[in-house]
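Peer 1: the sequence and its predicted three-dimensional model are supplied below.
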Amino acid sequence: MKVSVKYIKGMHFQGEGSTKVMTNIDASVTAGGTGHGTNPMELLLMAIAGCSGMDIVSILEKMKVKFLRFETTVEGERASDHPRVFIDIEVVYKFWGESLSEDKLQRAAQLSMEKYCSVANMIDKAANLTYRIEINPTH
């Protein structure tokens, strides 16, 4: 696996992987960037959500669990001293749908976080990574 990251200007970079889709990476305006991209630490949180989300969708399909909507929020708390690594990360899997089985949703999340999601398993070695599911009303 190989990616390429090209400098644009200021703090703005563009990353490219095997799909050739460009990902804009930038610092916030307050940190000297132009705000034309996602900052690297946010990308890391998104990677956890994307990786585990793909697992969960795949697992729920196999379990024949149908949902109307699925969103993930990931919140990370960083150390106050440099290198300001994440110390605590909480992942919340939010589901909407009719008659959703909490047990099956929990099992899918557990399988992803403990077995299949490479990103979560790497991050869990460096930070306290927790997760929970939320089942929301459909109306």
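Peer 2: Received, thanks.

Peer 1: tell me the domain ranges of this protein?
Peer 2: Following automatic domain parsing, one finds the domains of the chain at 1-38, 40-136.

Peer 1: just send those back as a markdown table, with mean neighbour count and mean pLDDT too.
Peer 2: Just so you know, the C-beta spots here come from the backbone N, C-alpha and C atoms, and that holds for glycine as well. Shown next, in a markdown table, are the domains of the chain (neighbours: other CB atoms under 10 Å; pLDDT from 0 to 100):
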| stretch | mean neighbour count | mean pLDDT |
| --- | --- | --- |
| domain 1-38 | 13 | 95 |
| domain 40-136 | 16 | 97 |
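
Peer 1: okay, and the beta partners of the closest residue to residue 84 other than its chain neighbours?
Peer 2: Setting aside the residues directly before and after it, residue 84 is nearest to residue 78 in space (CB to CB, 6 or more residues apart in numbering), at 4.7 Å. Applying DSSP bridges to residue 78 gives these bridge partners: residue 86.

Peer 1: how near is residue 78 to residue 96?
Peer 2: Distance from residue 78 to residue 96, counting by CB to CB, to the nearest Å: 31 Å.

Peer 1: mind listing the helices for the chain?
Peer 2: 40-62, 102-111, 118-123 (DSSP state H).

Peer 1: quick one: residues contacting the nearest residue to residue 3 once chain neighbours are set aside.
Peer 2: Using CB to CB, 6+ apart and skipping residues adjacent in sequence, the residue nearest residue 3 is residue 17, 4.8 Å away. Contacts here follow CB atoms under 8 Å, 6 or more residues apart in numbering; on that basis residue 17 touches 1, 3, 23.
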